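1. The following comprises the amino acid sequence and a computationally predicted model.
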Amino acid sequence: MSTFRRPISPTELMYFPMRELAPPFLMQLAIEGTGGLDAEELRRAVAVASEANPGARLVREGKYWVDNGQAPAVRAVPHVLEYPALEGDPVLNSPIGPTSAATAEVLLLTADPVTVIFRVFHGVMDGMGMVMWATDVLRALRGQEPIGAADPVADEELVRKVGAPGRPALMLPRWRSALGTGRQDAGQPRHLLRHRTINATGPGAMVRVAAILADEGGPVSRIMIPVDLRRHDPELRSTGNLALPLFLDASPGVDWKQLNADKKIGLQERRELNQMEAARLSNVPPAAGKVLLRSLNWAGARLGRNLASATVSHMGRYDFEDMAVPGFTPTSVRVLPQHSVAMPLLFGLTEGGGRTELTVSARSGRGIPARLDALLDRIVTTLETEFAPSDSAAS
């Protein structure tokens with residue numbers, strides 16, 4: 001039995017009520033490809049990779065996450081995802097198993113195109129932790145040794161080690177969404193999950209999207225950019241929650257290059273580290289936390305008052321040939337963000353094969369689906385137009 005054990009961080013504690021309020025509250029990484037995969041071979045690879053990444057085998061014991069030694073389940077389902085509207089997909093919206101204590105799972109969708117989906121409760125991993133685990137599963141399928149991530153460290157411990165330079169940004173429900181408001185009617189989907197493929201790649205995709213959101217919102221939008229804290233300790237190998245937000249405040253008409261410059265300043269000043277203190281202050285008892293989250297959802301949907309206007313996350317660039325395993329070659333990698341009641345929009349971007357994949361979870365309501373489609377149309381058109389060889393580089 002593994003001895004892996006770590007405290008549940010304040011950030012992670014805030015995610016627990018979300019499983020009830022915004023089910024299934026999972027980050028999902030969908031790898032679509034050509035060829036096929038054998039379910040038993042995938043199960044063996046998941047077991048090998050999860051031994052090297054015990055953060056994929058965690059269950060809760062009081063105030064701690066502990067490794068129970070059981071590899072995440074692999075479910076083979078004869079199913080295909082129907083893009084672009086995914087909010088009604090019965091497989092994507094199903095809970096993970098085999099028991100309610102499980103925190104990670106792998107789906108093998110065997111219909112054409114074959115798709116592998118890594119599903120993770122955000123309380124045990126951040127997005128990059130999920131990617132680390134998934135890429136180790138692919139290594140195991142190739143017969144390679146996993147790189148592994150066995151450090152029992154999450155955000156609170158790392159911030160305590162490296163220090164925070166200042167005070168957190170105030171978390172007040174005052175920011176408008178690019179989609180406006182919409183009463184949530186009984187019997188209607190409370191969240192949307194929509195995908196678009198942008199047939200181009202280029203510099204600054206994340207801040208370009210942020211600039212469009214600011215242009216649609218206003219008078220000032222607050223865009224949350226998750227920052228990978230592993231940058232502060234390159235030797236650290238952990239799949240735990242190691243992301244804290246950097247906030248960019250922007251008015252309509254802002255240039256994406258200005259937003260990129262603001263982002264670089266924020267990173268240089270290490271401002272994301274300050275937000276660990278905000279997570280501690282938000283650690284309220286579970287019952288009170290649910291009431292607060294429901295109130296935040298109502299204020300956002302009905303009054304347009306949100307803790308932030310949107311989250312925009314870039315989850316990496318991928319070389320599909322490097323990811324290939326015997327019999328299966330990826331053709332796309334798409335991150336499917338979790339739903340939220342405290343945030344109106346959560347965007348996830350990936351790049352590969354000359355394309356940018358964009359998926360968004362949106363709080364739904366009256367008029368929201370049509371507005372979301374129009375917003376996504378604008379993002380696709382703008383990025384495909386703006387991405388050109390003459391663009392200056394942006395990190």
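-> All right, it came through fine.

2. So which residues of this structure form helices?
-> Assigned by DSSP state H, the chain shows helices spanning 10-15, 18-21, 39-52, 127-141, 155-162, 205-216, 256-268, 275-281, 286-298, 320-323, 368-386.

3. contact partners of the first one?
-> Applying CB atoms under 8 Å, 6 or more residues apart in numbering, the contact partners of helix 10-15 are 25, 65, 121-124, 154-156, 241, 244, 276, 279-280, 282-283, 289. (C-beta placed from N, C-alpha, C; glycine too.)

4. what is the rounded mean pLDDT of it?
-> The pLDDT scores in helix 10-15 average 92.

5. which residues does the residue most central in space within the chain contact?
-> Nearest to the mean C-alpha position of the chain, by CA atoms, centre = their mean, lies Pro337 at 4.4 Å. Shown in contact with Pro337 (CB under 8 Å, 6+ apart): Met27, Thr311, Ser313, Leu346, Phe347, Gly348, Thr359, Val360, Ser361.

6. Which pLDDT value belongs to the residue nearest to Leu376 when sequence neighbours are not counted?
-> What sits nearest to Leu376 in space, not counting adjacent residues and going by CB to CB, 6 or more residues apart in numbering, is Arg196, at 5.1 Å. pLDDT recorded at Arg196 is 98.

7. thought Arg196 was touching Arg378?
-> No: Arg196 is not in contact with Arg378 according to CB atoms under 8 Å; the separation is 10.7 Å.

8. just checking, Glu357 touches Thr197?
-> Yes: the pair Glu357 and Thr197 qualifies as a contact (CB under 8 Å) at a distance of 5.9 Å.

9. residues of stretch 28-39 that come out buried?
-> For stretch 28-39, burial by neighbour count (16 or more other CB atoms under 10 Å) applies to Gln28, Leu29, Ala30, Ile31, Glu32, Gly33, Leu37.

10. Could you pull up the residues touching the third one?
-> Meaning Ala30. Leu81, Thr115, Val116, Ile117, Ser332, Val333, Arg334, Val335, Leu336 are the contacts of Ala30 under CB under 8 Å, 6+ apart.

11. hang on, the earlier thing: who touches both of Glu357 and Thr197?
-> Looking at what touches both Glu357 and Thr197 (by CB under 8 Å, 6+ apart), the common residues are Ser332.

12. More neighbours: which of the two?
-> Per other CB atoms under 10 Å, whichever of Glu357 and Thr197 has more neighbours is Glu357, with 22 against 16.

13. and the more buried one, what pLDDT?
-> 98.

14. mind listing what it touches?
-> Contact analysis of Glu357 by CB under 8 Å, 6+ apart lists His195, Arg196, Thr197, Ile198, Ser332, Val333, Arg334, Val335, Leu349, Thr350, Glu351.

15. separation between the third one and Arg222?
-> With distances defined as CB to CB, to the nearest Å, the gap from Thr197 to Arg222 amounts to 28 Å.

16. Could you tell me which residues make contact with Gly180?
-> So Gly180 contacts Gly304, Gly367, Ile368, Arg371 (CB under 8 Å, 6+ apart).

17. Closest one to Asp262 out of those, please.
-> If you rank the contacts of Gly180 by distance to Asp262 using CB to CB, Gly304 comes first, at 23.7 Å.

18. tally of neighbours for the closest one?
-> Residues near Gly304, counting by other CB under 10 Å: 19.
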